[in-house]
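In: Sequence and predicted model, in that order:
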2 protein chains.
Amino acid sequence: MNHIAANTDPNAYHRLTTRFARMATVEEAMSMLGWDEAAVMPDGGSAARADQLATLSGIAHGMLVEPAVADDLDAAEAHPPTSPAERRNLELMRRSHTQAVALPGDLVEALTRQASTCEKIWRAARAASDFSMAAQPLADLLALSREKAAALSAASRLAPYDALIDTYQPGITAAEITPVFTRYEAFLRTALPQVEALQANREHRTPGTAPFAITAQEALCRRLSAQAGLDYTAARLDRSTHPFCGGTPTDIRITTRYDEADFASALMGVLHETGHALYEAGLPRTHARQPVGTAAGMAAHESQSLIIEMQAARSDAYLGFLGPVLAEAFGQDPAGFTLPRLAARLRHVERSFIRVEADEMTYPAHVILRYRLEAAMIAGDLAVTDLPGAWADQLRSLLDITPPDDARGCLQDIHWYCGLFGYFPSYTLGAMAAAQLMAAARTAVPTIDAALAQGDFAPLLTWLRTNVHHHGASFGFNDLLRQATGQPLDPTAFETHLTTRYLAR
Amino acid sequence: MNHIAANTDPNAYHRLTTRFARMATVEEAMSMLGWDEAAVMPDGGSAARADQLATLSGIAHGMLVEPAVADDLDAAEAHPPTSPAERRNLELMRRSHTQAVALPGDLVEALTRQASTCEKIWRAARAASDFSMAAQPLADLLALSREKAAALSAASRLAPYDALIDTYQPGITAAEITPVFTRYEAFLRTALPQVEALQANREHRTPGTAPFAITAQEALCRRLSAQAGLDYTAARLDRSTHPFCGGTPTDIRITTRYDEADFASALMGVLHETGHALYEAGLPRTHARQPVGTAAGMAAHESQSLIIEMQAARSDAYLGFLGPVLAEAFGQDPAGFTLPRLAARLRHVERSFIRVEADEMTYPAHVILRYRLEAAMIAGDLAVTDLPGAWADQLRSLLDITPPDDARGCLQDIHWYCGLFGYFPSYTLGAMAAAQLMAAARTAVPTIDAALAQGDFAPLLTWLRTNVHHHGASFGFNDLLRQATGQPLDPTAFETHLTTRYLAR
């Protein structure tokens, strides 16, 4: 078929949907293999699994960059489908294709190889708490990531760092993020000392008495996630070192890890993953395996895990329900699970070094730090060798603490060491969006908190289904918030949430 | 590249190995997804999983039938590799390609669709014990299977039914199988009544006292399979409705099902699957993901499961070891686990209707019946409507019993109803090969039974590694036996084994 013919071919869009469904099906297989690797695979399977995932990834990529795709995209754009969802789907297909063809094959290969090398060295460096071991591999990976950013930028209308952000969360740029983060920094500077002062006079005893039997924890996690709306005929809960939500919308796999000394970490972790899972389960089935039928991005995804974990499950209403449930599950005195004691464990604010252990108020500081440093690295304004110093400076500026070593500083997160630049802002964008969505949901559905006080997430979930999940990837980040809440990202709701929860009592 | 150039291309063989490795890697992914489906997948995942497997299967098939493969095969055959293993590898590549291109795409599709339809109807028909429900779908599937046999026959030097057998077990034909089965029928006619007479005077009490706690059974299965040589750093044991061995050589997945009323079924099942697993684990790593590095066929595979389960694990030596182990595992009196009582459960011979429940002496009668009927169906000499009658006739002739209904007759096995014609002989070829290999192993390694009496499979396994596993698919069935035992398939060893175990005491 010649190019002119392709450009007027009315079946082009249909062919594209078939191709993208096939790619998505291969990606589903990869997702399942990823779950298997993390949750059940014996060590012996590692090398073969890496080959399986690389091969399937290559196959899916190959489907996307075949010359016929460009022809079909041109043809479909010449005769676009009539429904808005299909037009958006076509737009997202074009975006995927543009991103895929923008990167030369040898760059993709070099990135994959260097990411794998660097990640291995990072593990050793972190164990030794010695950044100098990882500095050169990270510098090499950064150089390749800057090439990637430049290539993606050249293929789009985005600046290099924005082009990286866009691969994780479309629809928001650094120009929009920076002022939001700057404003949060100012908020924190005032609010954090106030919270610390109030906290000094509050209940310090944590709920219950360890040990908390792991079988009881697991049963409780399963029961409460089901009660939150997770359908276990289409989902599993298993264990893994690093909790995650994987699988596919009709076969979701969430994982957690258990600690006998602390029930809260697994339980809140499972409710967090349940939020991700509910989003996947609620994606529009009519567009299954199409780009428009997927989640709206990583920040949108994080908003859904955090609205369940942080907004709903740590609310007064839900904690009031949770106390007696915990006491019964662990066969302990309900007096050990009062709201103040639950809050002492689940809503304790503290300046700390480790992002993943941070509370919801200081967490954004960790993200802001990383956001600034990675933006500077991608721009070429920060050399890798200067990273530990810049990290310490930022942490002092944001939280007035100094990392005692590299392991608790710039070696703590895997992201950069496996080439993930532009991902970090999603965490805090998600937290802020969760607060903004929760405020809108509470306005629209006044029964949300009364239901949470009974352990019932249904009113909230119904609102999320309609206003977030069912839209799939119809909207970029700011547009998703705009249609759901009337505003693009606005940090006010998050500040109000924190003020209400931590200062207004 | 034109055809002449391709035919003299010295890199053709290398390109083929790359392509076949890639295909094998996709097939590994499918194997893992198959395990997941059987062992852990929630029901909700069924439809998506079917799509994932169909897509990956289509991708692997596509890699094999690309026009470049025929060119590369021609070129590689013009300049064959020097090592015998590589030459055999090339031969097997040609065989795969010939089989794949022999079948028109629309026939493959029709077979897949009809197999799926027929299997569903079979489940309902078996539940209702009503063959008439499944007769027409089976007739349609048989017609397509006969087309397949004709196409495979036309592409090879094999007769139609032989061409089907060859897809499961290369290197043996009906002309070689028929006299072996006829001879076994005669042996059984004499031996079976003698065994029944002797058995009538023996111990009837089965070992131990139910219930046998499932956690104890599972721990025991894990311990004894590990002791038999299964490396759990590269394997898992899980539960599924239908036990199987899947996965890949460095990540083997075996499954079983447990019954509190009977420990023997799970334990012997696990040792059976362990035999399959040891074969996979012992395949030559230097030829990993190449055709020559795979198992020699389904009969060869069954020989390895049965040499562990039937030859080794049900031997006097091993049962002597097993008795006290069982008593301890279940916290019961060792007097309940004597050899006679173990034999009363594990070596009880009985004419019965169900193949999968049959003992090792009558099992071949079930296979011979199916072999004769499917050969006649493929030849066009037996109509599907006549199947129940022919089944009853054969069962009367072979075992002198009459199936009471269709569920315990021609509806009992899934094979034909999902298009597996030519598979059944593998079970008995495997059982006979197991006896022949065990006899050769005992001659070569006199310490085998003394080791089994300690629960130690190592001397047997070492011999199997060298004489079977390490050869991969270097040999067809008869040649594999010839190089390991000095003879092609010879039913004498199996008859001797049965006579020794059941009559000579």
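Out: Arrived safely. Numbers count the residues shown, from 1 in each chain, chains lettered A, B, ... in the order given.

In: Pull out the buried positions in stretch A:48-58.
Out: A:48, A:49, A:51, A:52, A:53, A:55, A:56 (16 or more other CB atoms under 10 Å in any protein chain shown). C-betas here are computed from N, CA, C, even on glycine.

In: Closest to residue B:73 out of these?
Out: Relative to residue B:73, the closest of the buried residues of stretch A:48-58 is residue A:55; by CB to CB it sits at 21.8 Å.

In: What about whichever residue of the stretch 101-250 of chain A sits closest to chain B, how many residues nearby?
Out: Taking CB to the nearest CB, chain B has its nearest neighbour within the stretch 101-250 of chain A at residue A:234, 2.7 Å off. Using other CB atoms under 10 Å in any protein chain shown, residue A:234 is surrounded by 22 other residues.

In: same deal with residue A:488?
Out: Neighbour tally, residue A:488, other CB under 10 Å: 16.

In: Based on its surroundings, how many neighbours for the residue nearest to it when sequence neighbours are not counted?
Out: Sequence neighbours aside, residue A:478 is the residue nearest to residue A:488 in space, at 3.9 Å (criterion: CB to CB, 6 or more residues apart in numbering or on different chains). Using other CB under 10 Å, residue A:478 has 19 neighbouring residues.

In: Quick one: residues contacting residue A:478.
Out: Counting by CB atoms under 8 Å, 6 or more residues apart in numbering or on different chains, residue A:478 touches A:171, A:172, A:176, A:488, A:489.

In: out of these, who has the most neighbours?
Out: When neighbours are taken as other CB under 10 Å, the top entry among the contacts of residue A:478 is residue A:172 (26 neighbours).

In: gap between the closest residue to that one other than its chain neighbours and chain B?
Out: Closest residue to residue A:172 apart from its sequence neighbours, by CB to CB, 6+ apart: residue A:477 at 4.3 Å. As defined by CB to the nearest CB, to the nearest Å, residue A:477 lies at a distance of 27 Å from chain B.

In: Quick check, residue A:396 in contact with residue A:402.
Out: Yes - Residue A:396 lies in contact with residue A:402 (CB atoms under 8 Å); the separation is 5.7 Å.

In: Restricting to the buried residues of stretch A:48-58, which residues neighbour chain B?
Out: Filtering the buried residues of stretch A:48-58 for proximity to chain B (criterion: CB under 8 Å from any CB of the partner chain) leaves A:48, A:49, A:51, A:52, A:55, A:56.

In: in what helix or strand does the second one lie?
Out: Under the assignment given by DSSP states H and E, the secondary-structure element containing residue A:49 is helix A:46-65.

In: and that helix, what does it pack onto?
Out: helix A:12-39, helix A:84-102, helix B:12-39 (3 or more CB pairs under 8 Å, 6 or more residues apart in numbering or on different chains; DSSP states H and E).

In: List the buried residues of the shortest one.
Out: Applying a neighbour-count criterion of 16+ other CB under 10 Å, the buried positions in helix A:84-102 are A:85-90, A:92-95, A:97, A:99-100, A:102.

In: how far out from the middle of the chain is it?
Out: Mean-position distance between helix A:84-102 and its chain equals 22 Å (CA atoms, centre = their mean, to the nearest Å).

In: And for that helix, what's in contact with it?
Out: Residues outside helix A:84-102 that contact it (CB under 8 Å, 6+ apart) are A:13, A:16-17, A:20, A:61, A:64-65, A:69-70, A:73, A:76-77, A:80-81, A:151-152, A:154-156, A:167, A:170, A:284, A:287, A:290-293, A:473-474.

In: Can you tell me which of the residues you listed end up in helices?
Out: Counting by DSSP state H, those place A:13, A:16-17, A:20, A:61, A:64-65, A:69-70, A:73, A:76-77, A:151-152, A:154, A:167 in helices.

In: List buried residues within these.
Out: Listed as buried from these are A:13, A:16-17, A:20, A:64, A:69-70, A:73, A:76-77, A:151-152, A:167; burial here means 16+ other CB under 10 Å.

In: What's the separation between residue A:456 and residue A:116?
Out: Relative to residue A:116, residue A:456 is positioned 45 Å away (criterion: CB to CB, to the nearest Å).

In: Same drill for these two, tell me which one is more crowded.
Out: Higher neighbour count among residue A:456 and residue A:116: residue A:456, with 19 against 14, using other CB under 10 Å.

In: Could you grab the helix/strand/coil label for that one?
Out: Of the three states, residue A:456 takes coil according to DSSP: H, G, I helix; E, B strand; the rest coil.

In: Not counting its neighbours along the chain, what's nearest residue A:492?
Out: Nearest one to residue A:492, counting by CB to CB, 6+ apart, is residue A:436 at 8.0 Å.

In: For chain A, which residues are neighbours of chain B?
Out: Within chain A, the positions near chain B by CB under 8 Å from any CB are A:22, A:25-26, A:28-29, A:32-33, A:36, A:40-45, A:47-49, A:51-52, A:55-56, A:59, A:231-236, A:247-251.
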